[in-house]
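Participant: Okay, here's the prediction I keep looking at, along with the sequence it came from:
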Amino acid sequence: MIAIHAFLQEQFSGNDDFFQLEEIVHGSSIWLFGLRSMIDVPQTVGNLAITVEHKNQPDQAIKQGENESDALVAGILAGRLVILDAHSGHFRIIEPVSKQLNRAVDAPSSESVIQGAMAAFIEDMYTNVGIVREQFKSGRLKVSISPVGTEKSTSLALLYLDTVANPKLVREIKNHLHAKNQIDIRSLQDVSRILGFGKWNLISKFKITELPEEVAAVLEQGRVVLFVDRMPFALILPNSLWDAFTLGSDRNFPRPIMLSIRAVRLIGAFTTIILPALYVALVAVNPEVLRLQLALSVAQSRDGVPYPAAVETIIMLLLLELVLESSVRLPRSVGPTLTMVGGIILGQAVVAAQLVSNLLIIVLAATTIANSTIVGIQNGYLLRSLKYITVVLAAIFGVLGIFVGVVIICGLLAGESSFGISYVRLPFAKDDAEYE
């Protein structure tokens, strides 16, 4: 017993929230060890007599052996309570009354919902799995939990429908989780390493969502969902290009409206990629494509601008990227107001100083609005990156460069795959893909 006392005091010597208490239960002396930051000590001690004598209480009873030191430390760090018998020297690790460290299930913060469920995932993995089980109250839903990491142990939950999901896909993901379970997860890049994805992929290999309705929809399609503990969203595998244009809640609308909404998103994607490049091509390289009146109007709007259209466009695109990024980083109470006022003042100032044309301000505003129609934050960042390919090629080759840029982008998208499934594979195609 003295050795255990000394061992725990040494292991947690620099932690002021570590406690050790002596209590008398049923005439026997016991010692309690744990972390005050994770355990509600008064309620746990108050329920201690019931907990100790309850034979069916789920706990981890460990006799002294070769792994008892690791079990003690891991149990305390996981928020459990260690009970040490002062006479026998044996200990038990039980589930105490924990402090409320997780927020309640709330409305989504990064995704907007129209005519859909307002619940969103939170940081607790088991709560997220329970939310999904509310969508599938049947035995079809399977959950596989895998611990990963050495210094920072993290749990991952793999969800799939056994009657729908391809067993090869499930087996491949499980093999990756088992083979690389020594990697500590601190970000989504570490999750990508575990799953065997490359470091420099521009296109994300998984779809990210905090909406249970979306998870339910993709599970019915035969895909799998991965929850990482302490991350308030779901990772959907494999990712698909069409996820940028479709939402599960779209089906709450009549079919003609649903198709119209998705068509608008497609138009928004093409507008984001093509419109800035089209401005550069028609102004700087191929003005003869325009009618005479329109060409004169465009030339008049650029009267006094001291640099070429390509430089003008790239500079304003970069300034717009700064405005968009600042709107995300600033506090919500002042962020939208400051960025809106700053954008208006900046736009008026650069036009008044004849640094850019009025037409370019209209083009950039339309591009920003079109980019916002895309589903998913990572898909929006992807489109914002791809448009620079067409802008650069349009500045060199004009309208022909736009077509070349679109072909290059299509090649990049078509060349991506996850576990043997193409990124541009149609969502209604049969699941007959060959897995690597």
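Facilitator: Good, I have the coordinates.

Participant: now the strands for the stretch 301-436 of the chain?
Facilitator: 417-418, 421-422 (DSSP state E, counting those that start in this stretch).

Participant: And these: which comes nearest residue 379?
Facilitator: Residue 379 sits nearest to strand 417-418 of all the strands of the stretch 301-436 of the chain, at 14.9 Å, using Cβ to Cβ. For the C-beta atoms, the positions are set from N, CA and C on the backbone; glycine is no exception.

Participant: chain center to the closest one, what's the gap?
Facilitator: How far strand 417-418 lies from its chain's middle: 18 Å, per Cα atoms, centre = their mean, to the nearest Å.

Participant: and the residue most central in space within the chain, what element?
Facilitator: Nearest residue to the geometric centre of the chain (Cα atoms, centre = their mean): residue 208, 4.2 Å. Take DSSP states H and E as the rule and residue 208 turns out to sit in strand 207-209.

Participant: list the buried ones in the helix or strand that that strand is followed by?
Facilitator: Next helix or strand after strand 207-209 toward the C-terminus (DSSP H and E): helix 212-220. By 16 or more other Cβ atoms under 10 Å, the buried positions in helix 212-220 come out as 212, 213, 214, 215, 216, 217, 218, 219.

Participant: For the strand holding residue 208, which strands pair with it and how are they oriented?
Facilitator: When pairs are called by DSSP bridges, strand 207-209 turns out to pair with strand 234-237 (antiparallel).

Participant: Skipping adjacent residues, who's closest to residue 109 in space?
Facilitator: Once flanking residues are discounted, residue 109 sits nearest to residue 120: 7.0 Å by Cβ to Cβ, 6 or more residues apart in numbering.

Participant: From what I see, the one you found and residue 211 are in contact.
Facilitator: Yes - Residue 120 is within contact range of residue 211, at 6.6 Å (criterion: Cβ atoms under 8 Å).

Participant: More neighbours: these two, which one.
Facilitator: More neighbours surround residue 211 than the other of residue 120 and residue 211, with 24 against 21 (other Cβ atoms under 10 Å).

Participant: In this structure the more buried one contacts residue 117, no?
Facilitator: Yes - if you go by Cβ under 8 Å, residue 211 and residue 117 touch, sitting 7.4 Å apart.

Participant: Reformat the buried residues of helix 212-220 as TSV; add pLDDT.
Facilitator: What follows is those, written out as TSV (pLDDT from 0 to 100):
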residue	pLDDT
212	90
213	88
214	90
215	92
216	90
217	89
218	91
219	91
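
Participant: Can you point out the helix or strand that includes residue 108?
Facilitator: According to DSSP H and E, residue 108 maps onto no helix or strand at all.

Participant: again, but for residue 164
Facilitator: Under the criterion DSSP H and E, no helix or strand holds residue 164.

Participant: Now the phi/psi pair for residue 147, please.
Facilitator: Main-chain torsions, residue 147, degrees, to the nearest 10: phi -80, psi 140.

Participant: one step back: kindly confirm my reading that the residue nearest to residue 109 is in a strand.
Facilitator: No - counting by DSSP: H, G, I helix; E, B strand; the rest coil, one finds residue 120 to be coil, located in no strand.

Participant: got a list of what it touches?
Facilitator: 105, 106, 107, 108, 109, 111, 210, 211, 212, 232 (Cβ atoms under 8 Å, 6 or more residues apart in numbering).

Participant: Residue 327 - nearest residue in space that isn't next to it in sequence?
Facilitator: Excluding the flanking residues, the one nearest residue 327 by Cβ to Cβ, 6+ apart is residue 339, at 4.0 Å.

Participant: which ones are touching that neighbour?
Facilitator: Neighbour list for residue 339: 323, 324, 326, 327, 330 [criterion: Cβ under 8 Å, 6+ apart].

Participant: still on that earlier bit, give me the pLDDT value at the residue nearest to residue 109.
Facilitator: At residue 120, the pLDDT value in this model is 89.

Participant: Could you do the one 3 residues further on as well?
Facilitator: Here, the pLDDT recorded for residue 123 equals 90.

Participant: May I have the secondary structure class of it?
Facilitator: Of the three states, residue 123 takes coil according to three-state DSSP.

Participant: Surely it touches residue 102?
Facilitator: Yes - counting by Cβ under 8 Å, residue 123 does reach residue 102; the two are 5.8 Å apart.

Participant: can you map out the strands along the stretch 1-150 of the chain?
Facilitator: With DSSP E, counting those that start in this stretch, the ranges of strands along the stretch 1-150 of the chain come out as 18-25, 28-35, 59-62, 81-85, 91-94, 141-148.

Participant: mean pLDDT lowest for which of the ones you listed?
Facilitator: Across the strands of the stretch 1-150 of the chain, strand 59-62 has the smallest mean pLDDT, namely a mean of 44.

Participant: Output the contacting helices and strands for the helix or strand residue 270 falls within.
Facilitator: Per DSSP H and E, residue 270 falls inside helix 255-280. When contacts are defined as 3 or more Cβ pairs under 8 Å, 6 or more residues apart in numbering; DSSP states H and E, helix 255-280 packs onto helix 309-329, helix 358-371, helix 377-397, helix 399-414.

Participant: who wins for proximity to residue 297 among the ones you listed?
Facilitator: With Cβ to Cβ, the closest approach to residue 297 among the helices and strands packed on helix 255-280 belongs to helix 358-371: 8.2 Å.
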